[in-house]
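Novice: the sequence and its predicted three-dimensional model are supplied below.
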Amino acid sequence: MTSQQIPQRADWRRNRERLLAAAAEVVARDGASASLEEIARRAGLGSATLHRHFRSREALLTAVFHEGVERLAARGRELNETAGGGLAVWLEELTRYTATTRGLAVSLRPTADDSGCHGILADVAAELAASAVRAGRLRPEITVDDLLALVNGIAIRAEDDPELASRLLRIAISGVEPRT
């Protein structure tokens with residue numbers, strides 16, 4: 001059994017909730033480089049307690065963004081049921097969400113074990129991309145990592161500006177060459 005499967009004591013759960021609430025506030029203000037010490041202080045706990053709950057900054061960020069990332073994954077699966085047309089819509093929703101959720105772009109970078117935010121969304125992106133390739137709406141050489149890197153780059157550039165994020169993604173999807 002993993003620590004997630006073992007029922008935890010009430011004080012352990014309370015501390016975790018306090019840490020996540022504090023982290024959500026500090027990360028929303030400072031992004032992914034938010035001070036772990038400040039998060040622990042704001043939660044009224046020591047930094048050792050934070051590190052017992054979250055083995056790394058990435059693990060903490062994954063927990064902070066988990067709910068939103070799961071909503072995006074569910075939306076991707078829903079859109080995938082349409083005839084190959086869901087990829088562009090989902091990429092735009094992902095780009096807008098990432099641009100307006102400080103710190104998330106860092107969490108979407110690939111990790112060694114891909115158990116975090118990137119892994120969750122990469123699985124959904126792969127399903128959507130495969131459907132789009134079959135429907136002739138995506139070139140087969142475009143990889144999931146290409147798509148997520150594109151979203152990330154746009155989101156970082158358009159932080160706090162979802163309209164700009166959408167515009168840049170539409171330009172990237174349609175290309176920059178004049179239509180003939």
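Specialist: Thanks, I have the structure now.

Novice: contacts and neighbour counts: CA atoms only from here.
Specialist: OK.

Novice: roughly how far is the longest helix along the chain from the heart of the chain?
Specialist: For the chain, the helix with the greatest residue count under DSSP state H is helix 57-80. Centroid separation for helix 57-80 versus its chain: 6 Å, with Cα atoms, centre = their mean, to the nearest Å.

Novice: report the buried residues of it.
Specialist: 57-65, 69, 72-73, 75-77, 79-80 (16 or more other Cα atoms under 10 Å).

Novice: give the other helices and strands that that helix contacts.
Specialist: Helix 57-80 is packed against helix 10-30, helix 86-100, helix 104-107, helix 117-134, with contacts defined by 3 or more Cα pairs under 8 Å, 6 or more residues apart in numbering; DSSP states H and E.

Novice: now mean pLDDT and mean neighbour count too, for those helices, in JSON lines please.
Specialist: Below are those laid out as JSON lines (pLDDT from 0 to 100; neighbours: other Cα atoms under 10 Å):
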{"stretch": "helix 10-30", "mean pLDDT": "92", "mean neighbour count": "17"}
{"stretch": "helix 86-100", "mean pLDDT": "94", "mean neighbour count": "22"}
{"stretch": "helix 104-107", "mean pLDDT": "82", "mean neighbour count": "23"}
{"stretch": "helix 117-134", "mean pLDDT": "92", "mean neighbour count": "20"}
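
Novice: tell me which of those helices lies nearest to Glu163.
Specialist: helix 86-100 (7.6 Å; Cα to Cα).

Novice: and the closest residue to Ala125 other than its chain neighbours, what does it touch?
Specialist: Nearest in space to Ala125, with sequence neighbours left out and distances taken as Cα to Cα, 6 or more residues apart in numbering, is Val144 at 6.2 Å. By Cα atoms under 8 Å, 6 or more residues apart in numbering, the contact set of Val144 is Ala122, Ala125, Ala126, Ala129.
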